[in-house]
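Novice: what's the 3D shape of this:
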Amino acid sequence: MRYDLDFKIKVIAYYKEGHSSSATGEKFGVNPRFVRKWIEQYQSGGIGAIKPKTSKAKYSSEFKYKVIEAMLIEGLTQSETALKFHISSPALISHWHKAYRFYGMSGLTSKYKGSHSMASPITDKPDNEKTLAELKRELQYLRAENAYLKKLDALLREKEQAATKQGSSKD
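Specialist: Numbering: from 1, shown residues only. All right, here's what the predicted structure looks like:
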């Protein structure tokens, strides 16, 4: 169910009077998680952040990459990342991350919405039988995959070093 701006403002105002998210949710008949989400959105971006969207937002592949990169490097949750970048649905970030993991940058580009499969850009044909476009798509995919794996490796090493430093300071 979609809630209009006036309703969300009433909910936030009631909460700000000192009521808990549970009490606010009960009074207005909404899930307390929605109350907390609206409060966080409002605190982070004002009224514009809680306005219902009139049309579906379109994001560039560069923006999607920036969002995923920030989430991984800063160790943010999907919800925190959504708040930081004013994205209404944390699930959207999960979708982008999955597409990036499987297809690299090409997974972040907007595609035709129809009944086609999301096949990997790597085909079973021998290289000498692939068209230039297929080779370029495969190269782009492999470069993105390589960059992703390097970042992931660096993050894992960073976490291991942090854990090692914490472990050695306990002695």
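
Novice: could you use CA atoms for every contact and neighbour count after this?
Specialist: Fine.

Novice: helix or strand with the lowest mean pLDDT in this protein?
Specialist: Between all helices and strands in the chain, the lowest mean by mean pLDDT, DSSP states H and E belongs to helix 47-50, at a mean of 78.

Novice: who are the packing partners of the next helix-or-strand element following that helix?
Specialist: Once the chain leaves helix 47-50, the next helix or strand it forms, by DSSP states H and E, is helix 61-74. Secondary-structure packing of helix 61-74 (3 or more Cα pairs under 8 Å, 6 or more residues apart in numbering; DSSP states H and E): helix 78-84, helix 90-103.

Novice: again, only this time at 10 Å
Specialist: The contact analysis (3 or more Cα pairs under 10 Å, 6 or more residues apart in numbering; DSSP states H and E) places helix 61-74 against helix 78-84, helix 90-103, helix 132-169.

Novice: mind putting these into TSV with distance to Gly18, mean neighbour count and mean pLDDT?
Specialist: TSV is the format used below for those (distance: least, Cα to Cα, whole Å; neighbours: other Cα atoms under 10 Å; pLDDT from 0 to 100):
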stretch	distance to Gly18	mean neighbour count	mean pLDDT
helix 78-84	23	19	87
helix 90-103	27	17	88
helix 132-169	39	14	83
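
Novice: for those, could you give me TSV that also reports distance to Gly25?
Specialist: As requested, these are exported to TSV (distance: least, Cα to Cα, whole Å):
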stretch	distance to Gly25
helix 78-84	20
helix 90-103	21
helix 132-169	39
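
Novice: ok so, going back, just how off-centre is the least confident helix or strand of the chain within its chain?
Specialist: Averaging C-alpha positions (Cα atoms, centre = their mean, to the nearest Å) puts helix 47-50 19 Å from its chain's average.
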